[in-house]
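Enquirer: Sharing a model that was predicted from the sequence below.
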Amino acid sequence: MLEITSPRPYQVFQRNDDYVGDITVAGTAEGSGAVEYRLTDWTWFRAEVRDGRFTGIVKEVQVGGPYTMEIRMRGSTVRRIPGLLVGDLWILAGQSNTDGCGKLINLEAPSWMVNAFYYDETWGIARDPLCWVFESIDPVHWVSQDPVERENINRFNRAFRDAGAGLGVRFGKDLYKATGVPVGLLVCSHGGTSIEQWSPKLKSEGGKSLYGSMIRRVIAAGGKVAGCLWYQGESDACGPKQGVGYKDDFRFLIESIRRDLKSPKMPFIYAQLGPYFGDDAALRDGWNRVQNDQLTIESEMPNLAMVPAIDCTLSDAIHADAVSMRRIGARMALMARKLRFGEQEVPSDPRPIECSFADGTRSRISVKFSGVNGKLRPASGIWGFLVEAEGTPRAIAKCALDRSDPTRVIITLAEPAPDGSVLWYGRGINPTCNLSDSAGFPAPVFGPVAL
C-alpha cells in the first residue's frame, strides 16, 4: 500500500532567487524496495523505503507549472498528483477584510497559476471564498469545541454562504501576469481579531493562538514565503483603547514574522483602513489614529508598503465589496512587484510630504504630495480636508490644485487659522474624500498635522 504525504495536489513550492525550487516527495509504503517518482516526461528517480517510509526530492524545478508528479512502486498503479506550481507563497493575514466579505457576485475568475492553501489543510486552485476559517484544524479558529456542532456549522456555511469575495485571487493573477511567477496564497486570517490577539508573544501556544497557527501553516507549506499581505485594525480602532499603541504592536508583529521565518527583509504589504458606514463621532478618534499609525510606520521600517482603501465601496457597514477587494488586490500586486521584484517604475500611491501655510496670513495652506502618477485630481472642488482649532472646524472657502504644481493642493480658509490649528485628510469614519491621481490612486488618510 502506498500513501503520499508530499506533494499534495495543487501545492505551490517556494522558489529561490535563481527562479527554481525543489519539490519534496514523501510518504509511506508497505514492504521493501524503492518508490519511483518523476514529473511527467522527466527521468524517474528512486527513493528507498526504510521502516515503511520514503523521502525524495526533485531539485531545481523551473518556476512555472502546472506540473504533474507521478509516483509508483513495483506492482502498483502510477499515482498522479496534478496542479503543482513553483513560484512565490504569500501569507494572507489580518481580520475580516482579509478573509473577504464581499458578496459572492462579480467575482474574480480563478487561474491555474494561483493556488491556495485552505483552512482544511488542502491545496486547490484559488477561488473565492478563500477563507473557510471554521474548518481549520487549529482550536484558535473554532467556533465550538464540539466536533459535531462544528461539522454542522461548516456544512451550513458550505450550503448557504453568500459572502466571501476577497483580495487574494486578483492579487495573485496580477502578480503572475506581470512577472510570470505563479502564486500560492496561505490563508491565515480571522475576522474580528485585534492586534493583541495576533501577538507573537502567544506563539508558544501553537494552534491555540493566531500567530502560532499562522507559523504552523507556513511550516506545513514548506517553511518559506515570499511575503505577507495584511488587512487589519478595525477591531483596535473600535476597541476600548481606541487604537492607542497600535503602531508599536504592529511593528512588533512585523519584526517577529520576519525573525521567525528567517527573512529579515520579507516584503510586508498592508491596507490602510477604509471607510466605515455610520456617523458615530465617538469612533472617529480611534479610526483615524490607526489609519495615521498605518501611514507613518510605512516610512519607519524597511520593505513595507501601504495601500489606501479610503475609496472602497462597501458590501455592508464595514466590509469592502467584491469590486473594491479586487482593486485592493491589484494595488497590493503593484507593491509586491516593487518590494519583491525590485520594479521601481510601477505606479505608487500619493503621499503627503509637506503641510504648511502658503503665506503670512495663515489663511492659505499648502499640501505637497510625492508619488503622484501624472497629476492630482480634481483640479478644484477637492473634498476631504479639515482644519480644526481646539476641536472646532474652520470653514474652508476653496480647495484646489496649485496652478503651477499639479502635485500640490492649496486650501483657502474663510478666516485665518488660529495658533494650535491642525490639518486632517479623511477625518472621521466615513469621510467624503475625492483626491486621487491620474492613475486613480487615492490620497491616504492622514492627520492630525500641526500647522
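Expert: That came through, no problem.
Enquirer: Pretty sure residue 286 sits in a helix.
Expert: Yes: assigned with DSSP: H, G, I helix; E, B strand; the rest coil, residue 286 falls within a helix.
Enquirer: Could you measure from it over to residue 388?
Expert: 17 Å (C-beta to C-beta, to the nearest Å). Heads up, the C-betas are built off the backbone N, CA and C, glycines and all.
Enquirer: The two - which one has more neighbours?
Expert: residue 286 (22 against 18; other C-beta atoms under 10 Å).
Enquirer: The stretch 51-200 of the chain: helices as residue ranges?
Expert: 96-99, 147-160, 168-179 (DSSP state H, counting those that start in this stretch).
Enquirer: closest to residue 80 out of those?
Expert: helix 168-179 (23.9 Å; C-beta to C-beta).
Enquirer: out of the helices of the stretch 51-200 of the chain, deepest packed?
Expert: Greatest average neighbour count among the helices of the stretch 51-200 of the chain goes to helix 96-99 (a mean of 26), per mean count of other C-beta atoms under 10 Å.
Enquirer: how about the CA coordinates for that one, as CSV?
Expert: C-alpha atoms of helix 96-99 as CSV (Å, rounded to 0.1, in the frame of the first residue of the first chain):
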residue,chain,number,x,y,z
SER,A,96,-12.4,40.1,8.1
ASN,A,97,-11.4,42.3,5.2
THR,A,98,-8.5,39.9,4.6
ASP,A,99,-11.0,37.0,4.9
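Enquirer: Which strands or helices does that helix pack on?
Expert: strand 227-231 (3 or more C-beta pairs under 8 Å, 6 or more residues apart in numbering; DSSP states H and E).
Enquirer: The same query, at a cut-off of 10 Å, please.
Expert: Where contact means 3 or more C-beta pairs under 10 Å, 6 or more residues apart in numbering; DSSP states H and E, helix 96-99 is packed against strand 79-94, strand 163-165, strand 227-231, helix 234-238, strand 268-271, helix 322-339.
Enquirer: and those as TSV, adding distance to residue 127 and mean pLDDT?
Expert: Below are those laid out as TSV (distance: least, C-beta to C-beta, whole Å; pLDDT from 0 to 100):
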stretch	distance to residue 127	mean pLDDT
strand 79-94	13	98
strand 163-165	10	96
strand 227-231	17	98
helix 234-238	25	96
strand 268-271	21	98
helix 322-339	13	97
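Enquirer: Mind putting these into JSON lines with mean neighbour count?
Expert: Shown next, in JSON lines, are these (neighbours: other C-beta atoms under 10 Å):
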{"stretch": "strand 79-94", "mean neighbour count": "23"}
{"stretch": "strand 163-165", "mean neighbour count": "23"}
{"stretch": "strand 227-231", "mean neighbour count": "27"}
{"stretch": "helix 234-238", "mean neighbour count": "23"}
{"stretch": "strand 268-271", "mean neighbour count": "25"}
{"stretch": "helix 322-339", "mean neighbour count": "23"}
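Enquirer: want to throw those into TSV with distance to residue 384?
Expert: Formatted as TSV, these follow (distance: least, C-beta to C-beta, whole Å):
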stretch	distance to residue 384
strand 79-94	25
strand 163-165	27
strand 227-231	22
helix 234-238	18
strand 268-271	18
helix 322-339	18
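Enquirer: So which of these is nearest residue 177?
Expert: helix 322-339 (8.6 Å).
Enquirer: of the helices and strands packed on helix 96-99, which approaches residue 186 most closely?
Expert: When the helices and strands packed on helix 96-99 are compared by C-beta to C-beta, strand 79-94 sits nearest residue 186, at 5.0 Å.
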